[in-house]
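Student: The amino acid sequence is not available; the structure is as follows:
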């Protein structure tokens, strides 16, 4: 039961982080000084959220039982 709650919490966090990354990318595209560049603060925020995203995904992989078929794992 504890692992299920942790997985649900992480999945919820992952969705929020993914939305935040998309919003930051949108903001960066609106505030480009020159094509191909983004403000340093936005770039750092995006990198930080992407690192959180990777850490959450790694934790979710650790919580997913290895006996579950990979196709089922992706639906969670």
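Tutor: That came in fine, so what should we check first? Treat the numbers as computed from the prediction; the structure is a model and nothing was measured.

Student: buried set for the lengthiest helix in the chain?
Tutor: Counting residues, the longest helix in the chain under DSSP state H turns out to be helix 2-30. Along helix 2-30, the positions that meet the burial threshold by neighbour count (16 or more other Cβ atoms under 10 Å) are 7, 10, 14, 17, 20, 21, 24, 28. From N, CA and C alone the C-beta is placed, and that goes for glycine too.

Student: Those: which two are farthest apart?
Tutor: Pairwise distances across the buried residues of helix 2-30 peak at 31.1 Å for 7 and 28 (criterion: Cβ to Cβ).

Student: so what pLDDT did residue 70 get?
Tutor: pLDDT recorded at residue 70 is 53.

Student: cool, residue 25 as well?
Tutor: So residue 25 comes in at 92 (pLDDT).

Student: Could you find the closest non-adjacent residue to it?
Tutor: Counting by Cβ to Cβ, 6 or more residues apart in numbering, residue 25 lies nearest to residue 46, which is 6.6 Å off, once chain neighbours are set aside.

Student: Equivalent analysis for residue 39, please.
Tutor: With Cβ to Cβ, 6+ apart, the residue lying closest to residue 39 is residue 31, at 5.8 Å.

Student: Surely that neighbour is in contact with residue 41?
Tutor: No - in this structure, residue 31 sits apart from residue 41 without contact. The criterion is Cβ atoms under 8 Å, and the distance is 10.0 Å.

Student: Low-confidence stretches in this structure?
Tutor: Per-residue confidence for the chain (pLDDT under 70) gives these ranges: 1, 33, 36, 66-76.

Student: Point to the residue nearest the middle of it.
Tutor: Taking Cα atoms, centre = their mean as the criterion, residue 53 is the residue nearest the geometric centre of the chain, at 3.0 Å.

Student: Identify the spatial nearest neighbour of that residue, chain neighbours not counted.
Tutor: With sequence-adjacent residues excluded and distances taken as Cβ to Cβ, 6+ apart, residue 53 is closest to residue 17, at 5.1 Å.

Student: give the contact list for that neighbour.
Tutor: Contacts here follow Cβ atoms under 8 Å, 6 or more residues apart in numbering; on that basis residue 17 touches 49, 52, 53, 56.

Student: That concludes my questions; thank you for your assistance.
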